[in-house]
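**Q** have a look at this prediction, sequence included:
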Amino acid sequence: MLITLHDARILSGFTLMDAAIACDITPIKFLEYEKDTRKIPFNLAKGIKRLFHVNLEQIFIGAESEYTKVYLKNVSKSKVNLSLIKRRY
């Protein structure tokens with residue numbers, strides 16, 4: 001199951017501000033990346049992977065609105081495996 005960058009951040013226990021500071025970007029820029037992950041530079045994506053303890057393959061690549069259209073339709077058909085995300089606590 002793919003998750004959005006926003007979901008990965010929340011499940012890892014980071015606020016928008018915390019994640020932006022850890023990535024050395026502005027919160028506005030991080031929010032832009034959450035809305036469309038196609039815009040994330042590769043080096044930043046690798047940092048996000050380490051920060052949130054996720055595989056990049058678990059993050060939906062594309063506009064968050066597309067994720068909503070395509071993937072949330074199927075949630076009732078499949079179980080979401082949140083154990084793939086390691087919490088920061």
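**A** Cool, the structure landed. Just so it is clear, the structure is predicted and the values come from calculations on it, not from any experiment.
**Q** from here on, contacts and neighbour counts on C-alpha atoms
**A** Will do.
**Q** report the buried residues of stretch 5-17.
**A** 5-6, 8-9, 12-14, 16 (16 or more other C-alpha atoms under 10 Å).
**Q** let me redo that: stretch 15-35
**A** Result for stretch 15-35 [16+ other C-alpha under 10 Å]: buried residues 16, 19-20, 23, 27, 30-31, 33-35.
**Q** and these as TSV, adding secondary structure?
**A** TSV is the format used below for the buried residues of stretch 15-35 (DSSP: H, G, I helix; E, B strand; the rest coil):
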residue	secondary structure
Leu16	helix
Ala19	helix
Ala20	helix
Cys23	helix
Pro27	helix
Phe30	helix
Leu31	helix
Tyr33	helix
Glu34	helix
Lys35	helix
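**Q** where does pLDDT dip in this structure?
**A** 65, 68-89 (pLDDT under 70).
**Q** now do the buried residues in the longest helix seen in it.
**A** Longest helix of the chain, by residue count under DSSP state H: helix 42-52. Using 16+ other C-alpha under 10 Å as the test for burial, helix 42-52 gives 45, 48-49, 51-52.
**Q** and the buried residues of stretch 5-17, which is closest to Ile40?
**A** Ranked by distance to Ile40 (C-alpha to C-alpha), those are led by Leu5 at 10.6 Å.
**Q** that closest one touches Ile59, doesn't it?
**A** Yes: between Leu5 and Ile59 there is a contact under C-alpha atoms under 8 Å: 6.1 Å.
**Q** which residue ranges of the protein form helices?
**A** 5-11, 16-23, 27-35, 42-52, 64-70.
**Q** alpha carbons only: can I get the third one in PDB?
**A** Yep, that's helix 27-35 we're talking about. Coordinates of each C-alpha in helix 27-35 appear next as PDB, following Å, rounded to 0.1, in the frame of the first residue of the first chain:
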ATOM      1  CA  PRO A  27       7.600  24.800   5.600                       C
ATOM      2  CA  ILE A  28       6.000  26.300   2.500                       C
ATOM      3  CA  LYS A  29       8.400  24.300   0.300                       C
ATOM      4  CA  PHE A  30       7.800  21.100   2.200                       C
ATOM      5  CA  LEU A  31       4.100  21.600   1.900                       C
ATOM      6  CA  GLU A  32       4.600  22.000  -1.800                       C
ATOM      7  CA  TYR A  33       6.400  18.700  -1.900                       C
ATOM      8  CA  GLU A  34       3.600  17.000   0.100                       C
ATOM      9  CA  LYS A  35       1.100  18.200  -2.500                       C
END
